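1. quick one: sequence plus predicted model below, questions after.
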Number of protein chains: 2
Amino acid sequence: MTNAHDVLFRTLSDPTRRAIFERLCRQGEQTVGALTAQSGVSQPAVSKHLGVLRQAGLVRDRHEGRQTHYSAQLAALSPLTDWTNQMNAFWQSRFDDLENLLKRMDQ
Amino acid sequence: MTNAHDVLFRTLSDPTRRAIFERLCRQGEQTVGALTAQSGVSQPAVSKHLGVLRQAGLVRDRHEGRQTHYSAQLAALSPLTDWTNQMNAFWQSRFDDLENLLKRMDQ
DNA sequence: GGGATCGATAACCCGGTGGCTATTGATTGA
DNA sequence: TCAATCAATAGCCACCGGGTTATCGATCCC
């Protein structure tokens, strides 16, 4: 019963992890070393975060010699956009119902 | 350094809590009792979740006699929409840079 | 081949958080 | 007035998750 929204929200809820993802969005492909250098946490911590991001489909890894390059997969954000749109839709639909109700009451 | 995104993502990352918020979006104002009835957790748990949602600005409470009515505050979601838009913007801007580079190389 | 670097994994610790039961405070209504 | 209901709070517990250090495997370069 664990859906795409769960994974996305949970993955992005950690500030350190979200910062890593943001950096990959801003500056494109980065090595683990580069990401570690400005993350404020240890290299194993960064690797763990990257693992979580990868499992959520938010990043890809590309191996090149002994270093690994990570890049953001922006398409993976769409369930999140969909979710907010859906919430807005529900809200709007209820608003329309209210409008209809008022119209009927007006007659 | 804890910004609006932190609060939103963290608040919505819990499935139970997000389900409560979704229900308030779908069906509008609800009492704690009604929300508890279909949440699968105890009433105190629901109250705690509502407290977190309220602190995040995602819900309002309205007291009426001995029962409390909660409703979704959809506007509070905008930082989330902004964030995804920003990520897309970064991505797009890097893509444009690549395009420009290719154009320059083409000449 | 051998030392150095890079990144992943293992093993562990600790704090936060979501759950529970019990209780309290307030309001309702018989 | 008093029992019952509603929601919030208190107090507790168990688990998860993010951090660390240590280590390993692999690759690079001398």
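-> Right, received. Where do you want to start?
2. apart from its neighbours in sequence, what residue is nearest the residue of chain A found nearest chain B?
-> Proximity of chain A to chain B (CB to the nearest CB) peaks at residue A:13, 3.7 Å away. C-beta coordinates here come from the backbone N, C-alpha and C atoms, glycine included. Once flanking residues are discounted, residue A:13 sits nearest to residue B:13: 3.7 Å by CB to CB, 6 or more residues apart in numbering or on different chains.
3. pull the residues that contact stretch A:54-74.
-> With contact meaning CB atoms under 8 Å, 6 or more residues apart in numbering or on different chains, stretch A:54-74 is reached by A:7-8, A:11-12, A:21, A:24-25, A:28-33, A:35, A:50, A:53, A:76-77, B:87-88, B:91.
4. these in helices, which ones?
-> Among those, the members found in helices (DSSP state H) are A:7-8, A:11-12, A:21, A:24-25, A:32-33, A:35, A:50, A:53, B:87-88, B:91.
5. ok, back up a step: what about DNA strand C: which of the contacts of stretch A:54-74 touch it?
-> A:31, A:32, A:33, A:50 (CB under 7 Å from any atom of the strand).
6. so the last one sits against residue A:20, correct?
-> It stands for residue A:50. Yes. Contact criterion CB atoms under 8 Å: residue A:50 and residue A:20 qualify, at 7.0 Å.
7. write out the residues of chain A neighbouring DNA strand D.
-> A:10, A:13-14, A:16-17, A:41-42, A:44-45, A:48-49, A:52, A:64-66.
8. number of nearby residues for residue A:53?
-> 24 (other CB atoms under 10 Å in any protein chain shown).
9. I'd like the distance between the residue lying closest to it once chain neighbours are set aside and DNA strand D.
-> Spatially, and ignoring its direct neighbours in sequence, residue A:53 is nearest to residue A:59 (4.4 Å; CB to CB, 6+ apart). Counting by CB to the nearest atom of the strand, to the nearest Å, the gap from residue A:59 to DNA strand D is 15 Å.
10. which phi and psi does residue A:59 have?
-> As for residue A:59, its main-chain torsions (degrees, to the nearest 10) stand at phi -140, psi 160.
11. and it, how many neighbours?
-> That count, for residue A:59 with other CB under 10 Å as the rule, works out to 23.
12. gap between it and residue A:6?
-> 18 Å (CB to CB, to the nearest Å).
13. same question for residue A:33.
-> In terms of CB to CB, residue A:33 sits 31 Å off from residue A:6.
14. neighbour count: the two, which is higher?
-> Ranked by neighbour count (other CB under 10 Å), residue A:33 and residue A:6 place residue A:6 first, with 17 against 11.
15. contacts only, for that one.
-> residue B:15.
16. so which bits of chain A are right by DNA strand C?
-> Residues of chain A lying near DNA strand C (CB under 7 Å from any atom of the strand): A:31-33, A:36, A:43-44, A:46-48, A:50-51, A:61, A:66-68.
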